[in-house]
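*Asks:* Predicted model follows, preceded by the sequence.
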Amino acid sequence: MSIAQSLLAEFEAQAPVTRKFLERLPEDKLTWKPHNRSMSAGQLAYHLASVPGGVIRFVQNNPVPAPEFASFQQPASRQEILKTFEESISTVRSLLPRYDDTAMKETWRMVAGGREVLAQPRAEFLRDVMFSHWYQHRGQFSVYLRILDVAVPASWGPSADEPPVFAQRAQSA
């Protein structure tokens with residue numbers, strides 16, 4: 001199995017889990033924040049929806065300028081978030097399989113102000129940002145859901161509201 005196939009398999013397993021989180025955001029809580037320095041629930045959900053597709057597009061060029069993180073988009077509806085997520089999934093499915101192992105092992109570089117600020121194998125960057133960063137924000141979003149008294153989906157294991165996914169499959173079989 002190639003590196004890209006391995007990453008895509010993980011993505012395909014985790015995308016439905018992330019979708020369950022996004023679907024649970026109450027429509028009337030898009031602008032709610034747990035703290036004044038926090039992203040709104042809608043901004044965080046939109047970020048979760050857009051990360052995978054944005055990251056796979058970002059690594060296409062080498063080197064790339066470092067992004068500026070001035071602000072996060074405030075969506076108008078949960079449907080906008082879910083549409084963005086579907087587009088993100090489509091982008092990953094389209095672009096990730098194009099990378100062979102040579103491209104995945106290539107040293108990928110990010111520059112800012114004319115100097116290199118990051119150099120690592122493309123696959124490592126994808127693991128760090130497309131996955132670990134995504135999971136970190138999904139965990140953050142689970143706290144938002146809990147504070148809003150919304151049932152938190154199970155992810156790798158159970159949540160206080162749901163058994164783990166493998167147990168759900170066994171119950172429905």
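*Replies:* Good, I have the coordinates. Quantities reported herein were computed from a predicted structural model and do not represent experimental measurements. Residues are numbered from 1 along each chain as shown.
*Asks:* which element is the residue nearest the centre of the chain on?
*Replies:* When CA atoms, centre = their mean is applied to the chain, the residue found nearest the centroid is Trp134 (3.6 Å). Assigned by DSSP states H and E, Trp134 belongs to helix 134-147.
*Asks:* The helix or strand harbouring Val117 - which strands sit beside it in the sheet, and in what orientation?
*Replies:* Using DSSP H and E, Val117 sits within strand 115-121. Take DSSP bridges as the rule and strand 115-121 pairs in its sheet with strand 107-112 (antiparallel).
*Asks:* In the sheet, which residues pair with Val64? Tell me.
*Replies:* With DSSP bridges as the criterion, Val64 is bridged to Met110.
*Asks:* can you pull the contacts of Arg146?
*Replies:* The neighbours of Arg146, taking CB atoms under 8 Å, 6 or more residues apart in numbering as the test, are Val152. All C-beta spots, glycine's among them, are computed from the backbone N, C-alpha and C.
*Asks:* helix or strand right after the longest helix anywhere in the chain?
*Replies:* Criterion DSSP state H: the longest helix present in the chain is helix 3-23. Downstream of helix 3-23, the first helix or strand assigned by DSSP H and E is helix 41-58.
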